[in-house]
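S.K.: Okay, predicted coordinates and the sequence, questions at the end:
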Amino acid sequence: MLKQLKWNESRSLLLSQLMVGVFFAALAALDIFGWWVVRYICEHLIAVNHGLAGGYILLGCLYVCSPAAYTVLWDLHRLLKNIRMGQVFVADNIRRLRRISWCCTAAAAICLAAGIMEWPSVCIIALAAGFMALIVRIVKNVFERAIAMKDELDLTI
Amino acid sequence: MPIVVNLDVMMAKRKMPAGELAERIGITPANLSILKNQKARAVRFSTLEDLCRVLECQPGDLLEYVPEE
């Protein structure tokens, strides 16, 4: 039973790490082919003509959000690595969760700006990023409390 | 913390080495060291009971309240 549980946990971690890798590859591809992706969206997917300025705004939004997305993926990778090594309730994980939360907030702000300026549909991405920032922030708060409790327990003799 | 653990004083009085005490009360030497060096946040009643039994003393001999200045 315990062996099966460990195997499942290990498999789940591996799957998460794999997903982070897939998202990293997708982001890299989006950065490389950003110009063509935006052109395709403007020409084929959107009924309203946003013009050249609209295209540049969308492209700018993509590239400005990119560093935040890379940071999030890198921190997720390190978080999973820490969990794999058995370091769950450590200060490093709190730091990473806080950074992920701020990156999501930044992405939400950028997408909101793009949504207000030209692309109302991008506001949905802003909403999703903002919601994710909130969830990660709450998880970070839970982790902080858990670390304090663990310290208390470790020093109870 | 205003609670001071006088474990080292009691150990010296009873001439009890740390390793032997740790073994007799069933805690690790590392945990005994935490207790001795005033790093512990809390002491279980069971640990206190074992310490009192092995060192033949009262809880008051081990713990002391020193008001903070």
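M.R.: Received it, and whenever you're ready, just let me know what you need.
S.K.: For the rest of this, base every contact and every neighbour count on C-alpha atoms.
M.R.: OK.
S.K.: quick one: contacts for A:Leu97?
M.R.: By C-alpha atoms under 8 Å, 6 or more residues apart in numbering or on different chains, the contact list for A:Leu97 reads A:75, A:136-137, A:139-140.
S.K.: now those residues as CSV including distance to A:Asp151 and neighbour count?
M.R.: Compiled in CSV, the contacts of A:Leu97 are given as follows (distance: C-alpha to C-alpha, whole Å; neighbours: other C-alpha atoms under 10 Å in any protein chain shown):
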residue, distance to A:Asp151, neighbour count
A:Asp75, 24, 19
A:Val136, 22, 19
A:Arg137, 21, 19
A:Val139, 18, 16
A:Lys140, 17, 21
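S.K.: The residues you listed also near chain B: which ones?
M.R.: By C-alpha under 8 Å from any C-alpha of the partner chain, no member of the contacts of A:Leu97 lies near chain B.
S.K.: In space, what's closest to the residue positioned nearest the centre of chain A - neighbours in sequence excluded?
M.R.: For chain A, the residue nearest the mean C-alpha position is A:Val72 (4.5 Å; C-alpha atoms, centre = their mean). Closest residue to A:Val72 apart from its sequence neighbours, by C-alpha to C-alpha, 6 or more residues apart in numbering or on different chains: A:Ile100 at 5.1 Å.
S.K.: what's the model's confidence in the host helix or strand of the one you found, averaged?
M.R.: Using DSSP states H and E, A:Ile100 falls within helix A:91-117. For helix A:91-117, mean pLDDT rounds to 94.
S.K.: chain center to the helix or strand just after that helix, what's the gap?
M.R.: The helix or strand immediately downstream of helix A:91-117 is helix A:122-154, counting by DSSP H and E. Between the mean C-alpha location of helix A:122-154 and the chain-wide mean there is a distance of 12 Å, by C-alpha atoms, centre = their mean, to the nearest Å.
S.K.: now do stretch B:38-51
M.R.: Distance, centroid of stretch B:38-51 to centroid of chain: 7 Å (C-alpha atoms, centre = their mean).
S.K.: who's in contact with it?
M.R.: A:152, A:155-157, B:4-5, B:25, B:34, B:59.
S.K.: ok, back up a step: enumerate every residue touching the residue nearest to A:Val72.
M.R.: So A:Ile100 contacts A:71-72, A:75, A:133, A:136 (C-alpha under 8 Å, 6+ apart).
S.K.: Now render those as a markdown table, adding pLDDT.
M.R.: Shown next, in a markdown table, are the contacts of A:Ile100 (pLDDT from 0 to 100):
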| residue | pLDDT |
| --- | --- |
| A:Thr71 | 96 |
| A:Val72 | 96 |
| A:Asp75 | 96 |
| A:Ala133 | 96 |
| A:Val136 | 96 |
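S.K.: quick one, helices of chain B?
M.R.: Here chain B has its helices, by DSSP state H, at B:7-14, B:18-25, B:29-36, B:45-55, B:59-62.
S.K.: If you compare the directions of the longest one and helix B:7-14, what angle comes out?
M.R.: Orientation of helix B:45-55 against helix B:7-14 (axes from the mean of the first three to the mean of the last three C-alpha atoms, to 10 degrees) gives an angle of 30 degrees.
S.K.: and which of the contacts of A:Ile100 is nearest to chain B?
M.R.: Using C-alpha to the nearest C-alpha, A:Val136 is the member of the contacts of A:Ile100 that sits closest to chain B, with 30.1 Å.
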